[in-house]
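**Student:** Based on what follows, work out the 3D shape:
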Amino acid sequence: MLWLEAIFFFMRNIGSSEAAYENVYGKALEPCSANGAALTGFTRTGYCVDKNDDEGSHHICINLGSIASSGQNFCSVTGQSDWCSSTDMPCHENQSDETCAVESWCVCQWAFASYIEKAGGCEAIQDVKCDSINMQALKAYESDSSKYGEALACLYERCLL
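**Tutor:** The predicted structure follows:
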């Protein structure tokens, strides 16, 4: 029977390794980037997944093409260099083509929490793509809601959880 269970496990997980990841709705994680835009993800697969060496936990998919009420993007609010406006990144559909703009991007869940605070609240930030936000971010925020309560509340609000 163990061999049968192993076969079923293998069949469920054939294809991309992202199949095992869930979004904030408990469903299969959707890609953050799309054709015609820069390829995102810490692992550069288009998904907001990580590996053990991703200390930033890049689990939040943010639509950097959207306009925040402040008029500032994620990079300027968090004090990063303006990679958010890059137009020379490898494309989602063809990594050898480096002519794509950053649109939706997997950002660090800790930087996202800081972004909300610095921007002046959830209503002041750019759009998030809930189907592409890794459940691990929600769990991390829930595990320390005294510190990340605003980020948790923002995901609940924006994703209608």
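
**Student:** Val102 looks like it's in a strand, true?
**Tutor:** No. Using DSSP: H, G, I helix; E, B strand; the rest coil, the secondary structure at Val102 is coil, not a strand.

**Student:** How much space separates it from Gly65?
**Tutor:** With distances defined as Cβ to Cβ, to the nearest Å, the gap from Val102 to Gly65 amounts to 8 Å. Every C-beta, even on glycine, is put in place using the N, C-alpha and C of the backbone.

**Student:** Compare the two (neighbour count), which wins?
**Tutor:** The neighbour count for Val102 versus Gly65, taken as other Cβ atoms under 10 Å, is higher for Val102 (23 against 15).

**Student:** Any regions of this protein where pLDDT drops low?
**Tutor:** For the chain, the stretches with pLDDT under 70 are 1-19, 52-54.

**Student:** can we see that at 80?
**Tutor:** Residue ranges of the chain with pLDDT under 80: 1-19, 51-56.

**Student:** who touches the lengthiest helix in it?
**Tutor:** Scanning the chain for the helix with the most residues, using DSSP state H, yields helix 145-159. Helix 145-159 has contacts (Cβ atoms under 8 Å, 6 or more residues apart in numbering) with 24-25, 109, 112-113, 116-117, 121-122, 125, 127-128, 130, 133, 137-138, 140-142, 161.

**Student:** How about the contacts made by Arg44?
**Tutor:** Applying Cβ under 8 Å, 6+ apart to Arg44 gives the contacts 90, 95.

**Student:** Tell me where the protein has strands.
**Tutor:** Counting by DSSP state E, the segments of the chain that form strands are 60-63, 104-107.

**Student:** Many thanks, have a good one.
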